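Colleague: 3D, please:
(one chain, ligands or ions: 1)
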Amino acid sequence: MVRRESHATDKEGGREWMLERVGSIAVAWLREHAFERCGIGFGGPVDFARQRVALSTHVGGWQDFRLSAWALDLLGIPVVMDNDANAGALGEAVYGAGQGASPLFYMTLSTGIGGGIVADGNVWRGADSWAGEIGHLTIRPGGPACLCGAHGCFERMCSGLWLEQDWGKPARELLDDPEFVSRYVVDVALGLKSCIMLLNPARIVIGGGIAKAGDKLFRPLGEELRRQITSWSGARIDVAPAALGDDSVLWGALALAATI
Ligand SMILES: [Zn+2]
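Modeller: Reported below is the predicted structural model:
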């Protein structure tokens with residue numbers, strides 16, 4: 001990795017503001033580096049076949065946007081885009097904690113919850129690019145309303161945005177409390193159990209800010225998974241933190257660009 005820049009998002013600025021920022025950074029880099037290809041990990045659902053952003057629940061103006069075509073116009077090189085969870089999954093599969101583990105399930109546990117499936121080196125996207133959206137599995141029927149319009153979703157019960165809203169403290173602080181963690185891992189394991197039953201992944205890799213809690217989260221989570229998944233199942237329970245930290249998506253975008 002030769003260059004890396006990270007900036008805060010102006011939520012009010014919407015799509016045009018963000019394109020202007022991203023574009024000016026890319027054009028500045030172009031003066032120093034020759035680009036061959038461009039890989040994009042977008043923070044929301046992407047229609048992969050049509051290379052369009054499906055929508056963003058966090059920032060307005062992205063619905064059905066041709067982001068890859070925009071980048072091609074700007075840079076004049078081949079561009080490929082996927083959602084950030086699929087890109088993160090590919091990054092961990094090729095360069096990180098998922099190396100040698102197939103199929104791999106990758107989950108981001110941060111502001112929201114996203115998921116991606118990599119099997120035999122390829123992202124498995126399903127018929128309409130919506131596979132792996134583990135954040136909107138229902139884990140608490142009749143639970144509180146989620147941003148997607150359903151109730152009791154995995155993301156609604158376990159993501160950082162909602163933890164802070166429900167408990168009045170950032171997730172980082174909440175995870176210092178073993179009593180909180182012992183309740184929290186019950187819901188996280190409910191979501192992951194569905195994934196294990198459906199996919200029998202060789203490994204589950206968890207990235208995102210909450211996964212940085214390390215052993216104080218992963219140890220009780222492993223115990224809870226072994227409690228919920230009875231000895232009836234022969235599926236392995238192998239859950240590991242992401243190895244690429246905040247950069248799983250960046251490495252994944254690189255791996256994705258290598259496929260075009
Ligand atoms: Zn939902």
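Colleague: need the contact list for residue 210.
Modeller: For residue 210, the contact set (C-beta atoms under 8 Å, 6 or more residues apart in numbering) comprises 109, 110, 159, 160, 171, 175, 217. C-beta coordinates here come from the backbone N, C-alpha and C atoms, glycine included.
Colleague: right, I mislabeled it, should have said residue 76
Modeller: So residue 76 contacts nothing (C-beta under 8 Å, 6+ apart).
Colleague: of all of the stretch 151-260 of the chain, which residue lies closest to the ion?
Modeller: When scored by C-beta to the ion, the stretch 151-260 of the chain has residue 153 as its residue closest to the ion, at 3.1 Å.
Colleague: Show the contacting residues for the residue nearest to that residue when sequence neighbours are not counted.
Modeller: Excluding its sequence neighbours, the residue lying closest to residue 153 (C-beta to C-beta, 6 or more residues apart in numbering) is residue 146, at 4.0 Å. If you count contacts by C-beta under 8 Å, 6+ apart, residue 146 has them with 136, 152, 153, 155, 156.
Colleague: okay, now residue 258: neighbour count?
Modeller: 13 (other C-beta atoms under 10 Å).
Colleague: Show the contacting residues for it.
Modeller: The contact partners of residue 258, taken as C-beta under 8 Å, 6+ apart, are 37, 39.
Colleague: Then residue 141?
Modeller: By C-beta under 8 Å, 6+ apart, the contact set of residue 141 is 151, 152.
Colleague: does it sit in a helix, a strand or a coil?
Modeller: At residue 141 the chain is in coil, as set by DSSP: H, G, I helix; E, B strand; the rest coil.
Colleague: What's the separation between it and the ion?
Modeller: 13 Å (C-beta to the ion, to the nearest Å).
Colleague: Buried residues, the helix ranked longest in the chain. List them.
Modeller: As assigned by DSSP state H, the longest helix anywhere in the chain is helix 178-199. Using 16 or more other C-beta atoms under 10 Å as the test for burial, helix 178-199 gives 180-181, 184-193, 195-196, 199.
Colleague: ok, now stretch 251-260?
Modeller: So stretch 251-260, judged by 16+ other C-beta under 10 Å, has buried residues 251, 252, 253, 254, 255, 256, 257.
Colleague: okay, it in CSV with CA atoms only?
Modeller: What follows is stretch 251-260 as a C-alpha-only set of coordinates in CSV (Å, rounded to 0.1, in the frame of the first residue of the first chain):
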residue,chain,number,x,y,z
TRP,A,251,-7.2,-4.9,0.3
GLY,A,252,-10.4,-6.4,-0.9
ALA,A,253,-10.8,-3.6,-3.5
LEU,A,254,-7.3,-4.4,-4.7
ALA,A,255,-8.1,-8.1,-5.0
LEU,A,256,-11.3,-7.3,-6.8
ALA,A,257,-9.5,-5.0,-9.2
ALA,A,258,-7.1,-7.8,-10.0
THR,A,259,-10.1,-9.8,-11.4
ILE,A,260,-10.9,-7.4,-14.2
